[in-house]
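Colleague: Quick one, what's the 3D model for this:
(one chain, ligands or ions: 1)
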Amino acid sequence: MEISQPTSILSQSSSTINTTSIHASMEHLQTTIRDMEAFDAAHADVIQMLLATPSPHAMKRYYNQLASEGIGPWLKVQYIGQTMGKGVFAAKDFDEGEVVLREPKLVGIQNAHSKEDSLVCSFCFCYVGSLELQLRWKLFARGHLRPIRGTNLQGDSQGTDNQCLEQHARVESDGDERICDPPSSVSTSCLGTEICNYKCRSDESEEQSAKRRALSFESFSWISDDALRLPFGDVFPLPHIVECRGGCHEDLFCSFCSEACAEAAWEAYHCLLCTGSKSLCPNKSLLSEFKQFADETNDIFHLAAQVIANVICKCRKLESVATEVKSEEDAKARNTRMLLEAWEPFAMGHKRLWWESIALPEDVDPAEEDVFRNQMKELAANSLGLLKKVLFMEEYAALFSLEVYGYIIGMFELNNLEIVVASPVEDYFIYIDELPHDAKCEAKKITKPALEALGEDYASYCQGTGFFAIQSCMNHSCEPNAKAFKRDEDRDGQAVLLAIRKIEEGEEVTISYIDEHLPLEERQLMLADYGFACQCSKCLQDREASLN
Ligand SMILES: C[S@@+](CC[C@H](N)C(=O)[O-])C[C@H]1O[C@@H](n2cnc3c(N)ncnc32)[C@H](O)[C@@H]1O
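Modeller: Purely as a prediction, here's the structure:
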């Protein structure tokens, strides 16, 4: 068994749009684009300031500040020209294989499907709990295990209550074959496990499903035993789960690896997006509705909410140290200044309106393009309508404009990097496979049923998407000199960029957004999805050659 290390790529968030649920949601959500456009017109002056291209001076100050904080200290972000915009340049020589950049996200989310598979820190994306917990979670997501009362998924001795069980893990009857809901929201504190022969609503084939169901209850008895420790499991220690201070820890999808991560997330955005009893969200009761809408339509709305919450949190910090003002006029001007300051990291990102820049999906008839783009706009308007009900603050009204929302999502579309974090479960099975013969046979008596039950999914890893301040400034080249790549030691959601050949001081650092080995036409077609015609030297040469 070999791990093929997933590289990170610029991701197109459009792929996660669920168009079926767009139509369903349209019917009951009555937010009109016209209302939103009237709102935008009333705040046009501040919106224009938010969406203006930052001055070269502001750009220099911002990126120098990041370098002084240790983010990309050997890189320089510089304006190149109108076509390319800005780019990243080496401020020293880098050897092949050397880390060019290691950068934490500005905002990021774990993908919905990945949550069913990997329990990670909601802030830094490192795996949490224990190896046993991760394995149980994977098996649970696939319907091999089901929750029971009185035990605990983490193997602690806490009891559970019926209410949690009913609330979080609804089990339905479907004739003889019972169907088990995937764990959409399950708490570590209320979940125990039991061997389950249930059919899961996953996309597994009939053959996989039959094979899984054929596995005997006995072969799984070990995993339903909460006291079980996997052989050699202590080789892969994971940090204990830290609960959210707002009280939303009932939702396993919000857990942290340390107090520091819990605090950082709370301060940065989570205090406004937490569903727990101590949340500072102005309208908590509608927060779940916004989240559900994003789950059902497009994950990227979660990320847009993080941006807006992040900007508001920063504004509040600036407010807390601001001096008193005398008039309403002065207060308005001060609020705008604070808003622009808090917005700065997102002002720097290259942006286009989402519904204009999104690539037309293959299943949409080009004759229907206008209808499709209008549907995207309505979808964004409906998501924003919900978010406004949850978070709206008059002082920062322009932040809730449809235009700004469209540009935030468009920015993700053009710049986001796929976040990948390798799974300790995969490492564990490889470790067992590489043990000396006798030790391996002994360990496999225990691990084999789980491995068979998981099939190829034993190797599934954490996936998400994030927006990074410096990495997002890296231009594409079909002959790149760097690539996003997670090394064995990179166990969190940071972007890691490695030199793939020697990079000299002053040279532009470029990455490839696509498979650069494809022929020219295919490359151009794929890059059109990113809204540009490539100007790299390989494309220019290939184009010239094709003309001769
Ligand atoms: C991820 S951003 C890169 C940073 C961007 N240049 C900026 O100013 O922030 C991607 C955008 O940069 C531009 N770009 C990147 N690589 C390019 C290339 N090889 N040829 C032309 N434009 C490119 C395109 O406008 C593209 O949508």
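
Colleague: contacts and neighbour counts: CA atoms only from here.
Modeller: Fine.

Colleague: Following the record's annotation, map out the domains of this structure.
Modeller: Domain segmentation of the chain under automatic domain parsing yields 15-52+266-416, 70-104+468-547, 130-237+424-459.

Colleague: Turn these into a markdown table, columns for distance to Arg245 and mean pLDDT.
Modeller: Converted to a markdown table, the domains of the chain look like this (distance: least, Cα to Cα, whole Å; pLDDT from 0 to 100):
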| stretch | distance to Arg245 | mean pLDDT |
| --- | --- | --- |
| domain 15-52+266-416 | 7 | 90 |
| domain 70-104+468-547 | 22 | 94 |
| domain 130-237+424-459 | 15 | 61 |
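
Colleague: okay, those in a markdown table with distance to the ligand and mean neighbour count next?
Modeller: Shown next, in a markdown table, are the domains of the chain (distance: least, Cα to the nearest ligand atom, whole Å; neighbours: other Cα atoms under 10 Å):
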| stretch | distance to the ligand | mean neighbour count |
| --- | --- | --- |
| domain 15-52+266-416 | 4 | 18 |
| domain 70-104+468-547 | 4 | 18 |
| domain 130-237+424-459 | 29 | 17 |
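
Colleague: Wait, Ala484 touches Gln494, no?
Modeller: No - using Cα atoms under 8 Å as the test, Ala484 is too far from Gln494 to be in contact (10.3 Å).

Colleague: Does the closest residue to Gln306 other than its chain neighbours belong to a helix, a strand or coil?
Modeller: Leaving aside its sequence neighbours, Gln306 sits nearest to Tyr269 (Cα to Cα, 6 or more residues apart in numbering; 6.0 Å). Here Tyr269 is helix, with the state taken from DSSP: H, G, I helix; E, B strand; the rest coil.

Colleague: now do Ser277
Modeller: coil.

Colleague: Give me the packing partners of the helix or strand in which Val100 is found, helices and strands only.
Modeller: Using DSSP states H and E, Val100 sits in strand 99-103. Counting contacts by 3 or more Cα pairs under 8 Å, 6 or more residues apart in numbering; DSSP states H and E, strand 99-103 is packed against strand 495-499.

Colleague: Quick check: can you name the pairing partners of the helix or strand that comes right after the strand it packs on and their directions?
Modeller: Next along the chain after strand 495-499, taking DSSP H and E as the criterion, comes strand 508-509. Strand 508-509 has the following strand partners under DSSP bridges: strand 85-90 (antiparallel).

Colleague: So which residues make contact with the strand it pairs with?
Modeller: By Cα atoms under 8 Å, 6 or more residues apart in numbering, the surrounding residues in contact with strand 85-90 are 74-80, 470, 473-475, 503-510.

Colleague: the inter-axis angle of that strand versus strand 99-103?
Modeller: Put simply, strand 85-90 runs at 120 degrees to strand 99-103, going by axes from the mean of the first three to the mean of the last three Cα atoms, to 10 degrees.

Colleague: Please give the element, helix or strand, for the residue positioned nearest the centre of the chain.
Modeller: The residue lying closest to the centre of the chain (Cα atoms, centre = their mean) is Ile109, at 2.5 Å. Assigned by DSSP H and E, Ile109 belongs to strand 107-110.

Colleague: again with Asp330
Modeller: helix 328-347.

Colleague: Check Arg487 too.
Modeller: For Arg487, there is no helix or strand it lies in under DSSP H and E.

Colleague: Adjust the sequence numbering to begin at 58 for everything that follows.
Modeller: Happy to do that; since the first residue is 58 now, the last one works out to Arg544.

Colleague: Report the contact partners of the residue nearest to Gly406 when sequence neighbours are not counted.
Modeller: Once flanking residues are discounted, Gly406 sits nearest to Met468: 6.5 Å by Cα to Cα, 6+ apart. Residues in contact with Met468, defined by Cα under 8 Å, 6+ apart, are Gly406, His407, Lys408, Arg409, Leu410, Trp411.

Colleague: isn't there a strand covering Met468?
Modeller: No - read with three-state DSSP, Met468 is helix and lies in no strand.

Colleague: so, in contact with the ligand or not, stretch 111-124?
Modeller: No - Stretch 111-124 stays clear of the ligand (Cα under 6 Å from any ligand atom), getting no nearer than 10.7 Å.

Colleague: Quick one: residues in contact with that stretch.
Modeller: Gly129, Pro130, Trp131, Leu132, Lys133, Val134, Gln135, Tyr136, Pro402, Ala404, Met405, Ile527.

Colleague: Many thanks, I have nothing further to ask.
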